[in-house]
Structure formats: structure tokens, C-alpha cells
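Trainee: predicted structure and sequence below. I'll ask about it afterward.
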Amino acid sequence: MRIHFIAIGGSAMHNLALALHDYGHTVTGSDDEIYEPSRSRLSDSGLLPSEYGWYTDKIETNIDAVILGMHARIDNPELLKAQELGLKIYSYPEFVAAQSMGKTRVVIAGSHGKTTTTSIILHALSSKKIEYDYLVGAQLEGFDRMVKLSDAGIIILEGDEYLSSPIDRRPKMMHYKPNIAVITGVAWDHINVFPTLDNYVDQFRLFINDMKNEDLLYIYENDNHLKTIITEGKHSCNIENYDQIYLTEENQYAVGSNKYDVKLIGNHNMQNILAAEKVCLRLGLTKDEFYDSLQTFTGANRRLQILKKGNDQGGNIYLDFAHAPSKVKATTDAVKDWYKDAPLIAVFELHTFSSLNAAFLPQYKGALDSADVAFVLFSEHALKMKKMPALEKAFVEECFAHSNIKVCVNGEDLKTELINYDVEKSNLLLMSSGTFDGMELDF
């Protein structure tokens, strides 16, 4: 096939482009800005556009598929030309779904834990040399790509609830039509496209009610929103609940007479592990095979990724992608619970549209309570770039309601503040879906 990507530089978009190129398709693309690591990876494969911008002469009648990324706008010149020529235009989840209809489709959805749960499944299947395709939201150790499409009979898909493309307002997860699915939990996010909690929860209601009689759904049993949806009784799929893995007094996984060391921390990750176990057993692994594989699982990039290893008294530095209130709270609680005797310094960057929205910010109340010292960073430049109203530092402090909090408005000020703390005698947790305003992470 000849395939053209509009907005090829996106995280998932460039990985899909690379995967299709590896599989032998002719791939071209455009974008008005491409950052690392997308830029280098596209360049190494010969797919980096020679010039940034949108060029209608790239859109020709012999293109078999145009894949449209969220970064493009509805008036994008290349999109308009493709529509004029009547070319087949896909969002990337729609394209992946079209290539996967003959496979056993496993979809991991939910407001949090999707990437970690998906990653654990991929690692476990690889350990048993089971062939599969996949789409995951972070770079994993041992994987060259975040996307793989081949002749494998299984595909593991991280099912995002965000919109598919500028012209396809459906959540990405709605395209995948799973045979097996997981929903890890529901907590309001993406206020820019789901302005109310009810509107957000509706996306998961649609997903569940779209599943068929023969399909199997695993849900976290303590999630109230999921309980409400299931109680309505409008679904037809088979549903099984799961809770979480419980550790022994020695902080190990106990499986029958065998015990396995713990590599992940936090109750939220114990939930993710059990969800992954349910899927892997369904796909043919035994419990011991699954937990044995966890011994070599190092985690996904920026999901409680350890930047510096200390000890039980401190010196540990973690980096996490947490940005929604439930994710920030779960991650902060996890580090404090694991290192109970060490002070915890938590740093959180407001970076997403939701987190920078004054109407949504009160949702973060209590999210950093487990930290002994809390820092919140937001960039005034980022607010201007997103065309959002200014935020007052005092208002941000009030929203988090932490007794020892400081708000910074640029990365340099934050780093100056952090230098005053002895990170060898404390643990440092850095949380952001951005770059901490360009702050160098060289502690």
C-alpha cells in the first residue's frame, strides 16, 4: 500500500508510520513541527519530511490510505485535498482496527493504568514466545516500536478514550471491537472535550454496551462508575470483576507454594498486575508463567520509572506520566506507602488542558497529601501557547490544599527550590505529561 500521514510526528503516528514502513508499505508524511525522539527515529528510517509544513502536492490519487493525526486541524490543506480527491481517510485507531479484524483483539481501557497493564501483558507473552501485534502508549525496554502490525493472530491494544482525529470525534477505543477487554477504572479527565463528568463516563458506557454476547470484559470491582454502568443492565457481554494482588508480609507475590519478588509498587499497580494476569491466563499462560515473567519486567517509560536508585531511607528519584487527579494521587500514595520512613518530595507539572483549566483544578484537592513537601509547576508560556487564561499561584495552592506546598511558574525556579533539599535523605517524585518547562533532570 501507499500510505500518507498527515501529522506524522505524533507519538503514536510516527510509531505506526515506522511499523508500516518496516512491513514493506510505501510511507510518506507531513507535519509543521516534529520533536525528539520522533524526529531522529523518522530520519533514521528515511521518513522525516524534507520540509516542515503542509503541501497539497503530496496528496495524489494513487495514495491508498491517508492517516490523519489529532495534531492536524479540520482545515488542513492536505486533508482538504484528500477529501476533494475522495481518498480513504483514517484516524490511526481506525486504521489499526481495519488491519486487525481477523485477530483476537484485546483492549485495555480505563482512565489510568492502561499503559502499565498493556506493557505487562506484552512482556508476559514475549516471555513465552507467543506471537502478537500491539499498540501501546509508551516506549518499552526491548521494543523498537510502540506499534506492531504483522500476520500474528493476537493484537494487544491500549484503548484511549480521547478523540480519534479532528474529523472523527469518537473515542479511539470505540474502533477496536474487542474480544477481550479490561477497564481499569473511570476518573474524569480531558475536560476540553468531555466538559462534564457524566459526558466522560458516557464514553465507557458506550464502549461496554457495544461489546457482543461472546466478548469478555474484566472490570475493577471497586470502581463506582463501572458499578453504575453494569447495574443498568444494557450490556450483553460477559463481565468478570477483579480486585488486586495482595502481597505477603515479605512483600512478595504468593502463587500457590511459590513466592515472587515485587518489581512494581503501589496499590494501583497491584490492580494492574491482576488485570494483566486475567488476560494472560485467558490467552494460555499459567499463573506461575505469568508471575515468573514479572521478575524481568522493568516497567514502561515514565510510569514510576526510577531515575536514581537509593535505599529505604531515601535517595530514590522516580519519574511518572501522572497528570489526572486520580493518577497523581495513586502515584504519590504508592511511593510514600513503599518508603514509609523517608520524607517524600512530590513535584507535579500542570501541563494538560484539563490541569491548566481553573474550573477543573479543584479536582486535585488532596492528590498530593501523601507528600511531605509538594511543588506544583505551571508555565505561563504554556498557558499563552494554549490560549488559556492566566492562573494565580495562590489559587493553585488553594486547589491542592496541601499544608506544605509551593507553586513555581518556570522550570529554573523549580530547580533552584529543589536544590535546597537533600535528596539523599528524601525520595523525589517527578510527575508530568510534559517536560517540566524544559528543566534538566540531572539531580
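Mentor: Looks like it came in fine. Numbers count the residues shown, from 1 in each chain.
Trainee: sec struct for Thr115, please.
Mentor: What DSSP: H, G, I helix; E, B strand; the rest coil gives for Thr115 is helix.
Trainee: phi and psi next, for Tyr220.
Mentor: Backbone torsions for Tyr220, taken as degrees, to the nearest 10, come to phi -70, psi 120.
Trainee: count of neighbours near it?
Mentor: Tyr220 is flanked by 24 other residues according to other Cβ atoms under 10 Å. C-beta here means a position set from N, CA and C on the backbone, and glycine is covered the same way.
Trainee: contact partners for it?
Mentor: Going by Cβ atoms under 8 Å, 6 or more residues apart in numbering, Tyr220 touches 110, 183-185, 226, 241-243, 271, 275.
Trainee: for these, work out which two are farthest apart.
Mentor: The most widely separated members of the contacts of Tyr220, counting by Cβ to Cβ, are Gly110 and Asp243 (14.8 Å).
Trainee: now, the contacts of Tyr220 that are in strands?
Mentor: Using DSSP state E, 183, 241-242 are the members of the contacts of Tyr220 that sit in strands.
Trainee: against Pro178, how distant is the nearest residue to Ala109 once chain neighbours are set aside?
Mentor: Leaving aside its sequence neighbours, Ala109 sits nearest to Gly159 (Cβ to Cβ, 6 or more residues apart in numbering; 3.8 Å). According to Cβ to Cβ, to the nearest Å, Gly159 stands 8 Å off from Pro178.
Trainee: how about Lys58?
Mentor: Counting by Cβ to Cβ - Lys58 and Pro178 are separated by 34 Å.
Trainee: which one of these two is surrounded by more residues?
Mentor: Remark: of Lys58 and Pro178, Pro178 carries more neighbours, 24 against 18, as counted by other Cβ under 10 Å.
Trainee: residues contacting the more buried one?
Mentor: Counting by Cβ under 8 Å, 6+ apart, Pro178 touches 105-107, 157, 159, 211, 215, 217.
Trainee: where are the low-confidence patches of the stretch 251-400 of the chain?
Mentor: Nowhere does the stretch 251-400 of the chain drop to pLDDT under 70.
Trainee: that one: strands as residue ranges?
Mentor: 252-255, 258-261, 305-308, 317-320, 344-350, 373-378 (DSSP state E, counting those that start in this stretch).
Trainee: just the stretch 1-150 of the chain next, same as before
Mentor: Going by DSSP E, counting those that start in this stretch, the stretch 1-150 of the chain shows strands at 2-6, 26-30, 65-68, 89-91, 104-109, 133-135, 147-148.
Trainee: the shortest one packs against which elements?
Mentor: Under the contact criterion of 3 or more Cβ pairs under 8 Å, 6 or more residues apart in numbering; DSSP states H and E, strand 147-148 touches helix 11-22, strand 133-135.
Trainee: so for it, what's the average pLDDT?
Mentor: In this model, strand 147-148 has an average pLDDT of 94.
Trainee: returning to what we had before: out of Gly110 and Asp243, which sits in the busier spot?
Mentor: Gly110 (27 against 11).
Trainee: so which helix or strand takes in the nearest residue to Lys278 once chain neighbours are set aside?
Mentor: Counting by Cβ to Cβ, 6+ apart, the nearest residue to Lys278 once its immediate chain neighbours are dropped is Tyr218, at 4.9 Å. Taking DSSP states H and E as the criterion, Tyr218 maps to strand 216-220.
Trainee: do you know how far Asn199 is from Leu361?
Mentor: Applying Cβ to Cβ, the value for Asn199 to Leu361 is 19 Å.
Trainee: go on, Thr435?
Mentor: Remark: distance between Thr435 and Leu361 (Cβ to Cβ) = 21 Å.
Trainee: out of those two, which sits in the more crowded spot?
Mentor: Shown here are Thr435 and Leu361; by other Cβ under 10 Å, Leu361 has more neighbours (21 against 15).
Trainee: I'd say the more buried one and Phe395 touch.
Mentor: Yes. With contact defined as Cβ atoms under 8 Å, Leu361 reaches Phe395; the gap is 7.4 Å.
Trainee: can you tell me which helix in the protein is longest?
Mentor: Identified as the longest helix of the chain according to DSSP state H is helix 267-282.
Trainee: that helix packs against which elements?
Mentor: With contacts defined as 3+ Cβ pairs under 8 Å, 6+ apart, helix 267-282 has these neighbours: strand 104-109, helix 114-127, strand 180-183, strand 216-220, strand 238-242, helix 287-294, helix 325-338.
Trainee: those: which one's closest to Gln252?
Mentor: In terms of Cβ to Cβ, the element of the helices and strands packed on helix 267-282 nearest to Gln252 is helix 287-294, at 9.8 Å.
Trainee: compute the inter-axis angle for the closest one and helix 267-282.
Mentor: 130 degrees (axes from the mean of the first three to the mean of the last three Cα atoms, to 10 degrees).
Trainee: name the residue most distant from the centre of the protein?
Mentor: Thr61 (35.5 Å; Cα atoms, centre = their mean).
Trainee: pLDDT wise, what is that one at?
Mentor: We note a pLDDT of 97 for Thr61 in this prediction.
Trainee: next up, the contacts around it.
Mentor: Listed by Cβ under 8 Å, 6+ apart, the contact set of Thr61 reads 85, 87.
Trainee: mind listing what Tyr253 touches?
Mentor: Going by Cβ under 8 Å, 6+ apart, Tyr253 touches 245, 247, 259-262, 273, 291, 294.
Trainee: closest one to Leu430 out of those, please.
Mentor: For the contacts of Tyr253, the nearest to Leu430 is Val262 (22.0 Å; Cβ to Cβ).
Trainee: what is the burial count for the closest one?
Mentor: 18.
Trainee: tally of neighbours for the residue nearest to it when sequence neighbours are not counted?
Mentor: Spatial nearest neighbour of Val262, excluding adjacent residues (Cβ to Cβ, 6+ apart): Asn251 at 5.5 Å. Residues contacting Asn251 under the criterion other Cβ under 10 Å number 10.
Trainee: same check, this time on the one 3 residues further on
Mentor: Ala254 is flanked by 14 other residues according to other Cβ under 10 Å.
Trainee: next: the one 5 residues further on.
Mentor: By the criterion of other Cβ under 10 Å, Lys259 has 13 neighbours.
Trainee: leaving out chain neighbours, which residue sits closest to it?
Mentor: Per Cβ to Cβ, 6+ apart, closest to Lys259 is Gln252, 4.3 Å.
Trainee: the one you found and Lys263 touch, don't they?
Mentor: No. With contact defined as Cβ under 8 Å, Gln252 does not count as touching Lys263 (10.9 Å).
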